[in-house]
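Engineer: Could you work out the structure for the sequence below:
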Amino acid sequence: MTSLPLPGSFRDDVPWTERLGPLAADERVDFVVVLRRRAALPRELVEGTGTVTREALAARFGADPRDVSRVRRVVEAAGLAVEEVHEGSRRMRVSGRADAVGALLGTELSA
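Structural biologist: Predicted coordinates for the structure are as follows:
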């Protein structure tokens, strides 16, 4: 599997915190994956007075089920569990061991 950095995904350390060190390999980690929208939100829904129902918003602009399936396959192949999926809000809650999460994301997790 090839890893590519996602623009905007790097975060600087919060200045008033102290890094304690790497997480234990077997520590449980929970995180949320936010999937891309099925289609771009029209400007009138963001800045204007246009409205749609929650159901219509989810159906038109939520996560594509094919993306959910692809991400699920990758996550589960890495030994992690998909705990919850909400296509309307484009969120997938994932959990697993710190070493598996770090390997999947190509990073060291620390506290």
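Engineer: Looking at this protein, which residue reaches furthest from the middle?
Structural biologist: The C-alpha centroid of the chain is most remote from residue 49, which lies 29.5 Å away (Cα atoms, centre = their mean).
Engineer: which SS state does it fall under?
Structural biologist: coil (DSSP: H, G, I helix; E, B strand; the rest coil).
Engineer: try residue 11
Structural biologist: Assignment for residue 11 (three-state DSSP): coil.
Engineer: Could you identify the helix or strand that succeeds the lengthiest helix in the chain?
Structural biologist: Longest helix of the chain, by residue count under DSSP state H: helix 65-77. Using DSSP states H and E, the helix or strand that directly follows helix 65-77 along the chain is strand 81-86.
Engineer: quick one: which helix or strand includes the closest residue to residue 99 other than its chain neighbours?
Structural biologist: Leaving aside its sequence neighbours, residue 99 sits nearest to residue 25 (Cβ to Cβ, 6 or more residues apart in numbering; 3.9 Å). All C-beta spots, glycine's among them, are computed from the backbone N, C-alpha and C. In the assignment (DSSP H and E), residue 25 maps to no helix and no strand.
Engineer: Which residues are in contact with residue 25?
Structural biologist: Shown in contact with residue 25 (Cβ atoms under 8 Å, 6 or more residues apart in numbering): 97-99.
Engineer: Pick the one among the residues you listed closest to residue 15.
Structural biologist: The closest of these to residue 15 turns out to be residue 98 (Cβ to Cβ; 24.4 Å).
Engineer: State the pLDDT value of the closest one.
Structural biologist: Looking at residue 98, its pLDDT reads 97.
Engineer: Now do it: how many residues are near it, please.
Structural biologist: Summarising burial for residue 98: neighbours were counted as other Cβ atoms under 10 Å, giving 19.
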